[in-house]
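Novice: Generate coordinates for the sequence data below:
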Amino acid sequence: MANVNIRLDDATKAQFDAFCSEVGLSVSAAFNLFAKRVVKEQRIPFDITTEVPNAKTLAAMEAAETGLDVYGPFDTVAELMEALNA
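Specialist: The predicted structure follows:
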């Protein structure tokens, strides 16, 4: 067995510890799962992107998930158009 040391900021470490505990894993086991998946798939097992929704989009997503600001259903196209033009 080899030892690997990694550096994390304190907040990320605490959140990662909490998550691992919640799902019944140690931090070491979680990193082992990650490493084994990388080796098996020969890729990082998740997308790495800079595409982050802006604040307006995030607010709209939250509203849709909670059922706020949802309009309709509409019985006719005319009702829909009236609501859109309001």
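
Novice: contacting residues for the spatially most central residue of the chain?
Specialist: When CA atoms, centre = their mean is applied to the chain, the residue found nearest the centroid is V52 (10.5 Å). If a contact means CB atoms under 8 Å, 6 or more residues apart in numbering, then V52 has no contacts. For the C-beta atoms, the positions are set from N, CA and C on the backbone; glycine is no exception.

Novice: other SSEs contacting whichever strand or helix holds V39?
Specialist: Following DSSP states H and E, one finds V39 within helix 27-41. In terms of contacts (3 or more CB pairs under 8 Å, 6 or more residues apart in numbering; DSSP states H and E), helix 27-41 is packed against helix 10-22.

Novice: could you check the angle helix 27-41 makes with the helix it packs on?
Specialist: Going by axes from the mean of the first three to the mean of the last three CA atoms, to 10 degrees, helix 10-22 is angled at 90 degrees with respect to helix 27-41.

Novice: With only the CA atoms kept, save helix 10-22 in PDB.
Specialist: What follows is helix 10-22, C-alpha atoms only, in PDB (Å, rounded to 0.1, in the frame of the first residue of the first chain):
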ATOM      1  CA  ASP A  10     -10.500  23.500   5.500                       C
ATOM      2  CA  ALA A  11     -14.100  24.100   4.400                       C
ATOM      3  CA  THR A  12     -13.900  21.600   1.500                       C
ATOM      4  CA  LYS A  13     -12.300  19.000   3.800                       C
ATOM      5  CA  ALA A  14     -15.000  19.400   6.400                       C
ATOM      6  CA  GLN A  15     -17.800  19.200   3.800                       C
ATOM      7  CA  PHE A  16     -16.100  16.200   2.200                       C
ATOM      8  CA  ASP A  17     -15.700  14.400   5.600                       C
ATOM      9  CA  ALA A  18     -19.400  15.100   6.300                       C
ATOM     10  CA  PHE A  19     -20.500  13.700   3.000                       C
ATOM     11  CA  CYS A  20     -18.300  10.600   3.300                       C
ATOM     12  CA  SER A  21     -19.700   9.900   6.800                       C
ATOM     13  CA  GLU A  22     -23.300  10.400   5.500                       C
END
